[in-house]
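Peer 1: sharing a model that was predicted from the sequence below.
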Amino acid sequence: MQEQRLKALELTNSGAPGLPSNPFFGVGPITDATIDEVDSRLRRVAFDAWIEKTYRKFDDRGNDIGGFTTAEISRSMHRGYPADKILTDMMRSIHRYFGFPKSNRMAVGLGGGHSGFTVCVQHLMNANDGSQRIYVDTPRPESDPSKAAGFFRQSWATQLIEMQRFAEKGCESRIHFAATEGIIPTAQELTSLGVSIFVGVGHETTGANAYTSREIGELLTWLDGDPQHRHAVFDATSMLGAMPWEPELVAAVMAKCCLFMPFQKAIGGISGYFVASFTPHALALIEKNQQDPAWAIPRQLKIAPPIDPRQPFSAKRSVDAGPFYDAGEDRMLGGVINTYSALAFAETTFGLLQSEARVGSVVDLNRRSAANRKLIDEWVQSNSLLSLTVTEPERRGAAVTLLKVKDDGISDPDIHARIIARSKQLLGYEGITHPNGEYERGLDAARYVNAFPGTPGDYRAWVGGIREPQDVVALLENLQYAYLRAKIVVLEEELAKKGVTFEALKPSGASVRKDDPAHAYTVLIADLIGLRFDAAGNPDHSEIKAYVEERGGVFHLSPLVERSSLEKGRIHFFYQPNLSTEAEILPQTDEGQYDALIAAATFIPKASVFPLGGVRIGAGTGNMGSASWGGGNGEGGTAPLMNTPGINSRAIAQMAMKAILKVVPDLPVEKLHRMVALGDFDTGRQLKDFPTAKLEGRRIAVLGYGNIGREVAKLAKAFGMKVAIYARERHKRWIQAEGFEYAASPVAAASGADVLSVHIGLGRLDAASGTYSNAGTVNADVLAAMNDGAVLVNYDRGEVVDTAALDAALSSGKIAHAAIDADLFKDAATGSLSGPMLPYLRLEERHKGKLELLPHAAADTDHPSRVAGAKQAVDQIFDVIQFKTVSNLKGDLPEGYVSAGSSTPAGIGKVTKQTILKAGSKTGLLKELQQTSERVATVIGALAAMSDPNHRSRIAERYTAMLVDDIGRQRELLDKLGLYGPAEE
């Protein structure tokens with residue numbers, strides 16, 4: 001057992017195989033194929049919409065007044081419109097898709113697989129006809145050969161025997177049984193036995209076997225010998241769409257045989273109804289039998305009901321009054337008795353249409369089924385653990401596969417059964433637990449792969465043409481993996497009985513520390529991490545100090561002096577907020593004295609070395625010049641470069657709006673204040689001398705749709721402005737979805753704009769030229785496209801505006817006001833100035849009063865933003881040092897690191913997988929959002945469905961308050977959960 005366990009561990013040490021797209025393998029050849037909980041809900045929504053579109057309400061003048069809802073149709077509708085149309089539509093769809101000939105009528109009745117199939121045979125078999133002989137292609141029940149047939153096939157055969165045994169003139173000797181399962185005798189053998197009805201129950205359903213082309217040919221030859229008196233009826237549950245024979249044989253079977261189908265299993269809906277196709281000669285036999293019936297058939301199951309329903313005993317019974325669809329006339333001859341399945345019938349039609357769109361015609365379905373059968377054969381030949389119960393390749397089913405495990409190491413049948421049972425737990429969602437408490441989550445790879453009772457096999461699954469080939473392979477691989485993992489558990493249980501135990505492994509998915517406990521890690525914090533003043537009048541860093549210590553780090557208010565004296569296994573943060581020039585920074589960083597860096601606005605020289613990475617508090621990383629990560633682009637380095645996008649986006653956006661509001665509307669607030677304060681103003685007489693115009697209705701051009709640009713656009717929209725956004729085309733869909741105008745170029749965005757706000761960043765640095773790709777984007781053409789007297793806000797980077805073009809625009813009056821926020825540096829020794837603000841200083845001298853200049857303070861003076869960014873940066877440093885995990889990567893991911901994706905504050909930036917997972921953990925908010933959204937969709941759906949103005953008015957009167965409240969709450973919840981925003985590409 002020890003060796004067997006170790007071998008199974010070795011065979012599964014690479015982990016679980018890939019999952020099939022759909023875990024449910026217990027459905028028929030046609031299925032809705034929903035793959036998960038979301039897909040099934042979407043399918044329900046699509047079905048509801050299809051119902052409302054397909055089945056409409058009309059007044060007596062023929063006016064369309066709206067659609068039926070699924071709830072309305074489910075309310076006991078079984079007669080009249082639309083129930084009659086729903087039933088006819090279903091029968092027409094099934095008849096058309098599967099290619100039944102128009103000469104064959106198709107009945108519909110209540111009952112599932114057993115009762116329905118018995119009904120079909122009951123109508124054909126008559127104990128009063130002593131000359132009638134029946135052949136059933138399964139062994140006689142309770143005989144030795146029947147032991148391999150399984151419970152269900154025996155049950156069908158048993159019903160036929162009992163019908164003859166207990167009928168007054170019955171004789172069970174009239175029934176001939178096959179010697180082995182699923183065998184069709186030759187035409188000569190059937191003729192010599194005097195058979196008039198062939199009953200086929202041995203195809204596919206329980207034993208995964210199919211008839212051969214030769215057998216089908218013999219059966220058809222036998223039928224053709226006396227078509228008026230010979231009939232074949234099949235349980236076609238899995239034959240339809242899985243007939244692996246020549247197309248002409250398939251067409252002949254559809255035309256010359258009677259086929260029973262419990263469609264509630266095959267397509268959808270609810271259990272309790274079936275359809276069955278009958279040839280004209282079979283219908284004639286049914287008509288004859290009803291004039292001299294041998295047994296009573298419940299009225300719900302009659303397919304030859306009384307012509308006069310008021311005379312149920314004495315009236316003539318006829319198939320012409322039965323629940324048949326006549327394809328020649330495209331109508332139902334009768335309806336279903338006592339059923340409330342209108343909704344299930346509609347689901348069948350919808351499911352069939354969906355499957356046809358996904359898979360193709362029934363010819364394609366048959367072809368795909370045969371191809372999947374071949375694929376399974378080939379896989380089993382290459383993998384020794386699993387074998388097929390049907391040994392003859394041509395007899396293997398094309399819809400169902402039945403597999404058994406061949407494991408020479410397990411000889412005890414009880415242990416084998418336990419392994420199979422545990423493997424099914426792992427294949428589903430239950431999972432399995434080892435004796436030491438270690439739990440393996442369920443794969444959810446293959447639900448309902450149970451073999452029928454008595455069937456010689458371990459796993460049974462529907463694998464017909466409805467399945468993609470890759471799903472079939474994934475199923476087989478998961479069966480093999482699950483068996484081996486279950487075997488490990490069962491062997492461990494057996495070994496535990498003998499006193500052998502195993503240490504629990506580390507929980508799967510747990511993060512593994514990768515830092516060195518013998519090393520003291522050092523981090524330089526080169527900027528202020530608190531912008532609010534403390535009691536002593538100094539910038540307050542206390543929140544970050546406490547946060548570092550809470551995380552297990554050490555906070556130092558001094559530079560690093562001696563690494564050897566530091567406590568090992570800890571991350572030490574050294575706070576140096578006054579570092580500014582290269583001359584101050586390099587002596588502390590040129591030899592890798594610090595492992596990592598946190599910075600905000602300080603420019604970090606290329607020669608500074610940080611072997612484990614750096615984080616910039618904010619979005620742009622142009623100031624992060626260290627070659628350790630490849631400079632500001634983060635390309636080609638050996639350490640990761642990270643940022644904290646979105647942290648200060650709202651602060652910058654609010655400052656941008658403040659700059660706009662200072663000059664638009666252009667009401668001279670200070671002048672009016674002075675006049676009012678002096679009592680020198682008469683509102684009635686003088687107010688007309690100060691005309692102005694509000695922001696509402698004016699056009700703002702926003703260049704860039706990153707976190708800041710989007711926040712500016714949202715604020716401008718709140719003021720009623722018309723917003724045009726220039727961004728890369730991949731953002732177009734979401735820009736338009738938020739109600740903004742998409743512009744394909746900066747000039748297009750600026751055309752007719754009253755305000756221009758720039759948020760595109762510097763872009764990539766060209767190493768050869770030393771210039772950034774977005775430098776000078778706001779050029780003369782962009783400024784010329786704006787309205788006269790427009791406002792320019794550049795709270796991005798100074799270089800993105802062509803200052804010569806701005807000079808000309810200010811001179812001409814095209815630009816009335818410009819607000820600029822750019823870096824300005826002053827050398828402490830010489831007093832000389834540098835930075836991208838320099839060109840604007842010269843403009844300010846030329847255009848007094850037309851410019852407002854800030855020293856890149858819009859983002860970097862907001863205390864909550866800086867603290868939030870610093871905390872996120874600390875988290876990123878811990879992750880990158882302890883787990884080699886990188887969040888918010890900028891540029892290349894160095895070797896040995898793992899990307900954890902991006903992270904932004906809720907409601908800012910793109911919605912990522914991590915955002916969704918984080919929202920998923922907030923179950924209370926998520927449940928409320930679900931309920932709120934469902935109510936919104938319900939009211940909107942009702943309004944969209946209603947064509948009658950009066951009915952629509954009633955809906956509006958009843959639900960307006962609820963709808964408006966829920967829409968507001970829905971938006972609030974989306975923002976709280978961070979789900980409102982563009983999706984990550």
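Peer 2: Everything's here; your move.
Peer 1: make it CA atoms for all contacts and neighbour counts henceforth
Peer 2: Noted.
Peer 1: where does the prediction get shaky in the stretch 101-250 of the chain?
Peer 2: Within the stretch 101-250 of the chain, the stretches falling below the threshold (pLDDT under 70) are 111-114, 148-153, 202-207.
Peer 1: state whether Val199 is indeed within a helix.
Peer 2: No: secondary structure assignment (DSSP: H, G, I helix; E, B strand; the rest coil) places Val199 in strand, not in a helix.
Peer 1: list the buried ones in the helix or strand harbouring Tyr481?
Peer 2: Assigning secondary structure by DSSP states H and E places Tyr481 in helix 469-497. Of the residues in helix 469-497, those scored as buried under the neighbour-count criterion (16 or more other C-alpha atoms under 10 Å) are 469, 471-493, 495.
Peer 1: the residue lying closest to Gly200 once chain neighbours are set aside in helix, strand or coil?
Peer 2: In space, and not counting its chain neighbours, Gly200 is closest to Phe234: 4.5 Å by C-alpha to C-alpha, 6 or more residues apart in numbering. On the three-state scheme (three-state DSSP), Phe234 is labelled strand.
Peer 1: hang on, Phe234 packs against Cys257?
Peer 2: Yes: here Phe234 lies in contact with Cys257, judged by C-alpha atoms under 8 Å, at a distance of 7.4 Å.
Peer 1: what is the burial count for Leu841?
Peer 2: 12 (other C-alpha atoms under 10 Å).
Peer 1: quick check: it is in a helix.
Peer 2: Yes: under three-state DSSP, Leu841 sits within a helix.
Peer 1: I'd like the mean pLDDT over the helix holding Tyr481, please.
Peer 2: The predicted model assigns helix 469-497 a mean pLDDT of 96.
Peer 1: just to revisit the earlier point, which ones are touching the residue nearest to Gly200?
Peer 2: The contact partners of Phe234, by C-alpha atoms under 8 Å, 6 or more residues apart in numbering, come to 199-201, 257-260.
Peer 1: so what does Tyr459 look like in phi/psi?
Peer 2: The phi and psi torsions at Tyr459 (degrees, to the nearest 10) take the values phi -130, psi 140.
Peer 1: measure it to Asp796 for me?
Peer 2: Here the distance between Tyr459 and Asp796 works out to 63 Å (C-alpha to C-alpha, to the nearest Å).
Peer 1: more crowded one of these two?
Peer 2: Set side by side, Tyr459 and Asp796 show more neighbours around Asp796, with 25 against 22, by other C-alpha under 10 Å.
Peer 1: list the contacts of that one.
Peer 2: Counting by C-alpha under 8 Å, 6+ apart, Asp796 touches 758-761, 821-822.
Peer 1: excluding its backbone neighbours, what's nearest Tyr273?
Peer 2: Nearest non-adjacent residue to Tyr273 (C-alpha to C-alpha, 6+ apart): Leu110, at 4.1 Å.
Peer 1: surely that neighbour meets Arg299?
Peer 2: No: counting by C-alpha under 8 Å, Leu110 sits too far from Arg299 to count as a contact (9.8 Å).
Peer 1: more crowded one of the two?
Peer 2: Remark: of Leu110 and Arg299, Leu110 carries more neighbours, 22 against 16, as counted by other C-alpha under 10 Å.
Peer 1: got the contact list for the helix or strand containing Val791?
Peer 2: Val791 belongs to strand 790-794 when elements are defined using DSSP H and E. For strand 790-794, the surrounding residues in contact (C-alpha under 8 Å, 6+ apart) are 656, 659-660, 753-759, 801, 814-821.
Peer 1: now do 6 Å
Peer 2: Residues outside strand 790-794 that contact it (C-alpha atoms under 6 Å, 6 or more residues apart in numbering): 754-758, 815-820.
Peer 1: switch the residues you listed over to TSV; also include pLDDT, secondary structure and distance to Met962.
Peer 2: Output for the contacts of strand 790-794, formatted as TSV (pLDDT from 0 to 100; DSSP: H, G, I helix; E, B strand; the rest coil; distance: C-alpha to C-alpha, whole Å):
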residue	pLDDT	secondary structure	distance to Met962
Asp754	97	coil	39
Val755	98	strand	38
Leu756	98	strand	39
Ser757	97	strand	38
Val758	97	strand	40
Ile815	97	strand	47
Ala816	96	strand	47
His817	97	strand	46
Ala818	97	strand	46
Ala819	96	strand	44
Ile820	95	strand	46
